[in-house]
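[1] would you be able to build a 3D model of this:
(3 chains)
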Amino acid sequence: MSETLNYWLVIVGILFVLLNIAAFLIWVERRMLALWQDRLGPNRAGPFGLLIILADTLKLFFKEDWIPPFADRHVFVIAPAVIVISVLLSFAIIPFAPAIQIVDLNIGLLFFLGMSSLGVYSIVLGGWASNNKYSLLGALRGASQMISYEVFMGLSLMGVVMLSGSFSLRTIVEAQKDYWFVLLQPVGFVIFFIAGIAETHRLPFDIPEAESELVAGFHSEYSGMKFGMFFIGEYLGITLISSITVALFFGGWLGPAFLPPLAWFAIKTAGFILFFILLRASLPRPRYDQLMEYGWKILLPLTLLNLLVTGGIILFLNQP
Amino acid sequence: MNVFFYIAAAVAIISTLMVITRKHPVHALLYLIVSFMAVAIIFFQLGAPFVAALEIVLYAGAIVVLFIFVVMMLNLGRETSLQEKTWLNLATWLLPGVLGAILLIELIYLISTQPNETLTIAEIEPKAVALSLFGPYVIGVELSAMLLMAGVIGAAHIGRRTIKHYHRFLQEETK
Amino acid sequence: MLSIIRSIWLTFLHLFHKTETIQYPEEKVQLRPRYRGRIVLTRDPDNQERCVGCYLCAAACPVDCIALQATENEEGRRYPEFFRINFSRCIFCGFCEEACPTYAIQLIPDFEMAEYDRQNLVYEKEDLLINSQGKYPGYNYYKVAGLDAGVKGKGEGTNEEPPVDRHSLLP
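    The predicted model follows:
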C-alpha cells in the first residue's frame, strides 16, 4: 500500500515540480538575458520581480482564446497539447535520484527519442492548421530541421549506449561511477547538445519561429493558453534536454557526498538550463540552408566517425 | 494485461478505419499516427519493447512527418476532399469490401478452430535483437545497408545542383 | 567554431558588468540642456511675453499641432490671443524652436507629461507660458526691433541709431 502511495507521490511530485520549473524559467530567462545584455530585467513585481510569473500566467489565462475562422479547428486545438504531453512523457524515464524515477524502462533512451520525435507534430500541425503562409513556412522548416537533427541526436547517444551496454538511463548513470561519459564521449556530448538545441528549436536554432522573418512562425495565430502551451512546452523541452544531458554525460545524481543526490542532479541541470539561456543571449540565428548543411555535412559524418572510433576502442579493450 | 491488449487493438482497428474513411489527407494521417502508437503498445505488451520504440521513432516520428510534409506542400483544400468524396461511392468499394470480408471470415474461422494455446510472452531485450541482427542475420543487415547507401547516393545525384548560368549567351556547350 | 565559443564567453563575462538600467521613477534620468522635451513659451527680461504671433512655428510644424491667433495691444505690441499646442500630436522635432524669430517658443528638458485623459494633453497659453527667459537670458526682441511698441522709443534700442530726420536729407 505504502509502496503504491509512494509511487503516486513521486509522479505527482515530479509533475508539480516540472510545471513550476517551466513557469519559473520564464522569470529566470528574462532576468538572465537582461544581465547578459547589461540590463536588469523584470524586478518590480514582488521580491526580485518574482511575481512576474504570476502576472504572465494570469495574462495568458485571461486572454481571449481565439481560433481563427480559416483554421482547421480540431487540429488547431490538438497541436499545442502534443508538445506538452510528449515532453512530459519523456520525463518519465529520467532518474532524478536513486529513488526518484517514474519508470526504469529497458528501452529508456529509445522512449525519449520516440517522444521527442512525436514532439515534431505540434509544430507541423500547429503551423499547418493555422492556415497562414508564415505559419506554414515555419512548420515546413520545423519539420525538416527536427527530423534531420533527430538523426544525429539518436546516433550521438549510441556511443554512451555502447559504453554502458544498456538503453536504461539508470544503468547509464550507474556506469558513470568512475568517469563521467563526457570525458569518454566529448564529441558525442557536443553533437547531442547541438541537436538538443535544434530539437527544442531554441535560439540560435529557432528557425521555425524566427520572429524577424516569419512573425513567430508556427504559433503566430495562437493566443491565450494555447500559446501558453507552446511556451511551457519550450521551457519543459529545455529542462528535458538539460536533464537528459546530465544523466547521460555528467553522471546524473552522482557527486561528492556532502549534498544529496537530487541536489547534484538539480545543480547540474540548472547549469545546462543557464547555458541554454546564455546561447540565446550570445549567438545569432543561422540561415536555414546553413543549418541543414551544417547538420548533414558536418555533424552526421562526425557522429558516424565518433561511433566507429568508440566501437573500435571498446572492441580493442575487450579483447580476450 | 489482456485488457490493455484489447483496448490497444480496438484503438488500432478504429483508427485504421478512420484513416481510410477520412476525406482530408492530413486528418487521415493523424489517425495513422494513432494507429501506429496503438500497434506500438501491442508490441510492447507482446514483449518486444525495441520494436515498439522503433515503431514510434521511425514510423510515427519520421515517415508520417514526411507524408504530412508533402501534403502540406501540395496545399490540398476543399476541392480535394470533394473529389475524395466522389471516389468513395458504393460502386468503388463494394467489390474490394466483399472480397476482403470473405478473407476476414476465413481468417476468423481458422483462428477459432485453432487449439487454444496461451501465448507465452518472453521479453526480448534490445541486446538480444542486436545479437541476432549481427549474428545469424548479418547478411540481411549488410544487404539493406547497401540498398540504403544506393538510395542515398541516388538521392544526392538527383538533388545535385546544376551549374547556374546567369545569361543564356554565357552558357557553355555542355554535353 | 572558435569565434562562436569566444562570443559565448564574452557574453558570459557581461554577467559581471555594471548594468546600464536607470530605475526611472526613483532614479531620474540626467537630461542634457539641449534635450528636446516639453514646449514652453518664454518671457523677456521685463516679464513680458516674447511671442509676437508671427505663425512661423505653426507653419514649420510638420504635424500641425500648434494653433494660435495673433492680436495687438493698444501700443502696437503683437501677442497671441490664444496659443494651443496639442501634445498628443507633437513629435518634439524642435522645428518650431528653430523657426521662432524671437526665441519665444523653446523645448526644455522635461518629458514627464503623461496623462490618463487625452484631452489633457492639449496645452493652452497659460499652461505653456513659464516665468523664465529660457535658454536666452537677457534677450528682448522689442529692445532690438526698430519698432515702438511701448517698450522703448524709436532709435533707443541697443545697436540702433536714432531715426534719421528725412526732411533734413533734402538737398
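[2] CA atoms for contacts and neighbours, from now on please.
    Will do.
[3] give me the number of residues near the closest residue to A:F24 other than its chain neighbours?
    In this structure, A:F24 finds its nearest non-sequential neighbour in A:I53, 6.6 Å apart by Cα to Cα, 6 or more residues apart in numbering or on different chains. A:I53: 18 surrounding residues under other Cα atoms under 10 Å in any protein chain shown.
[4] look up how far A:I172 lies from A:I53.
    To A:I172, A:I53 is 36 Å away according to Cα to Cα, to the nearest Å.
[5] same question for A:Q319.
    22 Å.
[6] so which of the two has more stuff around it?
    For A:Q319 and A:I172, the more surrounded residue by other Cα under 10 Å is A:I172, and the numbers stand at 24 against 7.
[7] give the buried residues for stretch C:84-100.
    Of the residues in stretch C:84-100, C:84-87, C:90, C:94-97, C:99-100 count as buried by neighbour count, 16 or more other Cα atoms under 10 Å in any protein chain shown.
[8] again but with stretch A:285-297, I slipped
    A:291-292, A:295.
[9] in the chain, where is pLDDT below threshold?
    Answering for chain A, as no chain was given. By pLDDT under 70, the low-scoring segments of chain A are A:1, A:320.
[10] chain B, not that one
    In chain B (pLDDT under 70), the answer is B:1, B:75-78, B:116-119, B:162-175.
[11] hang on, C:G157 packs against C:K143?
    Yes. In this structure C:G157 lies within contact range of C:K143 using Cα atoms under 8 Å: 5.0 Å.
[12] need the residues that contact stretch B:126-139.
    Residues from elsewhere that reach stretch B:126-139, judged by Cα atoms under 8 Å, 6 or more residues apart in numbering or on different chains: A:107, A:166, B:49-50, B:141.
[13] mind doing that once more with 7 Å?
    B:50, B:141 (Cα atoms under 7 Å, 6 or more residues apart in numbering or on different chains).
[14] now that stretch: how far from the chain's centre is it?
    Averaging C-alpha positions (Cα atoms, centre = their mean, to the nearest Å) puts stretch B:126-139 23 Å from its chain's average.
[15] circling back to that earlier point, next, the buried residues of the helix or strand the residue nearest to A:F24 falls within.
    Using DSSP states H and E, A:I53 sits in helix A:52-62. Of all the residues in helix A:52-62, those buried under the rule 16+ other Cα under 10 Å are A:52-53, A:57, A:60.
[16] of those residues, closest to C:P162?
    A:I52 (73.1 Å; Cα to Cα).
[17] residue contacts, that closest one?
    A:27, A:45.
[18] and it, how close does it get to B:E125?
    Separation of A:I52 from B:E125 (Cα to Cα): 48 Å.
[19] ditto for B:V64
    27 Å.
[20] in the lengthiest helix in chain C, what counts as buried?
    In chain C, with assignment by DSSP state H, the single longest helix is helix C:2-13. Buried residues in helix C:2-13, counted by 16+ other Cα under 10 Å: C:8, C:11-12.
[21] can you check stretch B:35-43 too?
    Neighbour-count burial for stretch B:35-43 flags B:35-43 (criterion: 16+ other Cα under 10 Å).
[22] going by distance to C:I39, which of those residues wins?
    So of these, ranked by how close each gets to C:I39 (Cα to Cα), first place is B:M37, at 69.4 Å.
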